[in-house]
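> The sequence and its predicted three-dimensional model are supplied below.
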Amino acid sequence: MKKSKVVNLVLITAALASCSKPKPDWDSNEVYLRSDTTANYTHTQGSHISPFLWYYAFRPYGMYYGGGYHHSGYYSSALTERSNIGRSAMKGAVIRGGFGGSHSFSVSS
Amino acid sequence: MQRHTISPRNNWQSAVEKLGFGFHTADVPYWNESAYYEFSMAEITKIESATAELWGMCLEAVQYVINNKLYARFAIPEKAIALIEKSWNDDDPAIYGRFDFGFDGNNLKLFEFNADTPTSLFETGIVQWFWLQDFASHKDQFNSVHERLVDYWKYLKPYLYEGILHFTCVKQSLEDLTTVEYMRDCAIQAGIPSKLVFIDDIGWDQEKREFVDLEDEEIKNIFKLYPWEWLVNEPFFEQLLSNPKAYWIEPAWKMILSNKAILPVLWKLYPNCPYILECYFEEENSLKDYVKKPVYSREGANISIIKNGQVIEKTEGIYGKEGFICQQLFNIPQAEKKIPVIGSWVIGQQPAGMSIREDDSLITGNTSCFIPHLINN
């Protein structure tokens, strides 16, 4: 059916290997985080997200203007809105969390 | 179709992890290479032909449901109908689906069609293919999943809006993330720029009235591993309706095909098709030996097997309030007390390969194992 074909992957091996990092080496869940320098730190539990997915815990945000992308900070759904948004008008214009609320552990089918 | 017991590769865990397969073992191995299934070319040809034929019938069945406004029987809410019909009439991009079959050596019967969010794609296209290279590289496999995905993304590229193709799934599942990242890998190889955004990170820009990712970049094309029946009941569905231009892949019309209510429709339209089991909506059922399935359910939840009016096996779950269908019971011969179900993939309108899940139970659930296969030429 495809005996002579060569199968290459360009993304997934590297991306998912990085998910297999060992659990972060701190022994306490007493973590204070903020994702935006204009926001306040808040206490959070460090184990909201599987260690496999820490790679994706903080996502960069920014905007495109002047012909290029300008990085502004990070966003994390593991943090409270207070520590995510700060005074960022750009973040404030966007609402999030309107999808994903269904019993969404896995869609496996 | 024969099951063979073998010794797994000594380093099988490390071999599959190198491919990016991180969920090979839960409480017990999900990826199980202590056995494989051998098929003859005639059997594979039969599965391939059935897949192609059923795909054509499924498209006819969708048109029938739309023409006859059968949405209530599918428990599809009124608010989703216009979106479904628009996506169907506009022929919005769709890429894949997986038929689940029972096979007794002669008869091949359709159990259901996972048309919206089928998983085990990566295991099928990549992991079992590399297993074959180690185990019996001179043999073949019913597996062109990878090539067809790359080719079909290339075909779809001109039909997408210019710019990024986003990919989304839930955060908490490495299995879902792997499926989505594999799909994204194939899109990248097709020359399509892409980004991952988790489903609950998707934002709605209230001023521009468009969906955005975490960098506030507009989402114009998005592949979602997230069921439509969940999306329609979530708060952002109203925003999705108010921004109908974006392409959601799989498209909304897959809400009809992925629903088990399509099974009695297929039986009504094609009662002489050798691949379709007799099937009715519960209130019209006259079968004595049948499987009762909710129109919406996942991972084998809320399914009952009834023989001579007696429930012989039943699973619990959270589904069923939308109604049930009753499908004639089909006996799959057990091999070493295992019951295999064949998953036959359609990618870009074409049969594309096969996966096998096996279970100790008549009902394939989330603890079933993936077993590789080969073709004996």
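Sure, I can see it.
> shaky segments in the chain?
Picking chain A for this. Scanning chain A for pLDDT under 70 picks out the ranges A:1-5, A:12-92, A:103-106, A:108-109.
> Switch to chain B, please.
B:366.
> Give me the most central residue, it.
Central residue of chain B (Cα atoms, centre = their mean): B:P118, 2.5 Å from the mean position.
> For chain A, see how far away that residue is.
Separation of B:P118 from chain A (Cβ to the nearest Cβ, to the nearest Å): 6 Å. To be clear about C-beta, it is placed using only N, CA and C from the backbone, and glycine gets the same treatment.
> ranges for the strands of the stretch 1-150 of chain B?
Here the stretch 1-150 of chain B has its strands, by DSSP state E, counting those that start in this stretch, at B:2-5, B:35-40, B:96-103, B:108-114.
> closest to chain A out of those strands?
In terms of Cβ to the nearest Cβ, the element of the strands of the stretch 1-150 of chain B nearest to chain A is strand B:108-114, at 5.0 Å.
> Run the chain-centre distance for the closest one.
Put simply, strand B:108-114 sits 11 Å off its chain's centre (Cα atoms, centre = their mean, to the nearest Å).
> for stretch B:347-361, same thing?
When distances are taken as Cα atoms, centre = their mean, stretch B:347-361 is centred 9 Å away from the chain's centroid.
> can you check stretch B:183-198 too?
The chain centroid and the centroid of stretch B:183-198 are separated by 20 Å under Cα atoms, centre = their mean.
> can you tell me if that stretch touches chain A.
Yes: Stretch B:183-198 comes into contact with chain A (Cβ under 8 Å from any Cβ of the partner chain), by way of B:184-185, B:188-189, B:196-198.
> The closest residue to the residue nearest to the centre of chain B other than its chain neighbours bridge partners, please.
Once flanking residues are discounted, B:P118 sits nearest to B:R98: 3.9 Å by Cβ to Cβ, 6 or more residues apart in numbering or on different chains. Bridge pairing for B:R98 (DSSP bridges) gives the partners B:N114, B:W345.
> for the one 10 residues further on, same thing?
In this structure, B:L108 bridges to B:F103 when assessed by DSSP bridges.
> ok, B:D140 to B:N376 distance?
Using Cβ to Cβ, to the nearest Å, B:D140 is found at 9 Å from B:N376.
> What is the burial count for the nearest residue to B:L121 once chain neighbours are set aside?
What sits nearest to B:L121 in space, not counting adjacent residues and going by Cβ to Cβ, 6+ apart, is B:T179, at 5.3 Å. B:T179: 25 surrounding residues under other Cβ atoms under 10 Å in any protein chain shown.
> swap in B:E48?
B:E48 has 18 neighbouring residues, counting by other Cβ under 10 Å.
> ok, it to B:T315 distance?
B:E48 is 31 Å from B:T315, by Cβ to Cβ.
> Quick one: residues contacting the residue lying closest to B:Y247 once chain neighbours are set aside.
In this structure, B:Y247 finds its nearest non-sequential neighbour in B:N221, 4.6 Å apart by Cβ to Cβ, 6+ apart. B:N221 makes contact with B:93, B:160-161, B:163-166, B:246-247, B:249, according to Cβ atoms under 8 Å, 6 or more residues apart in numbering or on different chains.
> quick one: the closest residue to B:I347 other than its chain neighbours from B:A72, how far?
Excluding the flanking residues, the one nearest B:I347 by Cβ to Cβ, 6+ apart is B:R148, at 4.1 Å. Per Cβ to Cβ, B:R148 is found 36 Å from B:A72.
> Look at these two and report which has more neighbours.
Ranked by neighbour count (other Cβ under 10 Å), B:R148 and B:A72 place B:R148 first, with 25 against 11.
> re earlier: distance-wise, check the residue nearest to B:P118 relative to B:A115.
For B:R98, the distance to B:A115 equals 8 Å [Cβ to Cβ].
> helix/strand/coil for B:Y155?
At B:Y155 the chain is in helix, as set by DSSP: H, G, I helix; E, B strand; the rest coil.
> re earlier: any idea how far the residue nearest to the centre of chain B lies from B:G309?
33 Å.
> give me the element B:D176 is part of.
helix B:174-189 (DSSP states H and E).
> Now do the end-to-end distance for stretch B:228-241.
With Cα to Cα, to the nearest Å as the measure, stretch B:228-241 spans 13 Å from end to end.
> Show which residues not belonging to it make contact with it.
For stretch B:228-241, contacts defined as Cβ under 8 Å, 6+ apart pick out A:98-102, A:104, A:107, B:76-77, B:79-80, B:82-83, B:116, B:202, B:204, B:209, B:211, B:224, B:246, B:248, B:250, B:252, B:254-255, B:258-259, B:296.
> Make a PyMOL selection of the buried ones in those residues.
Only the buried entries of those go into this PyMOL selection, using 16 or more other Cβ atoms under 10 Å in any protein chain shown:
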select buried, (chain A and resi 98+99+100+102+104+107) or (chain B and resi 76+80+83+116+202+204+211+224+246+248+250+252+254+255+258+259+296)
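> The contacts of stretch B:228-241 in strands, which ones?
B:204, B:211, B:224, B:248 (DSSP state E).
> for these, which one is nearest chain A?
So of these, ranked by how close each gets to chain A (Cβ to the nearest Cβ), first place is B:W204, at 5.3 Å.
> Spatially nearest residue to that closest one (excluding sequence neighbours)?
B:Q239 (4.8 Å).
> Check which residues of the helix or strand that that neighbour is a member of are buried.
Taking DSSP H and E as the definition, B:Q239 sits inside helix B:237-242. The neighbour-count check on helix B:237-242 (16+ other Cβ under 10 Å) flags B:237, B:239-240 as buried.
> could I get those as CSV with distance to B:F23?
CSV is the format used below for those (distance: Cβ to Cβ, whole Å):
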residue, distance to B:F23
B:F237, 29
B:Q239, 32
B:L240, 30
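> between those, which is nearest chain A?
For these, the nearest to chain A is B:Q239 (6.6 Å; Cβ to the nearest Cβ).
> Helices of the stretch 51-200 of chain B, residue ranges please.
Here the stretch 51-200 of chain B has its helices, by DSSP state H, counting those that start in this stretch, at B:78-89, B:121-122, B:128-136, B:145-156, B:174-189.
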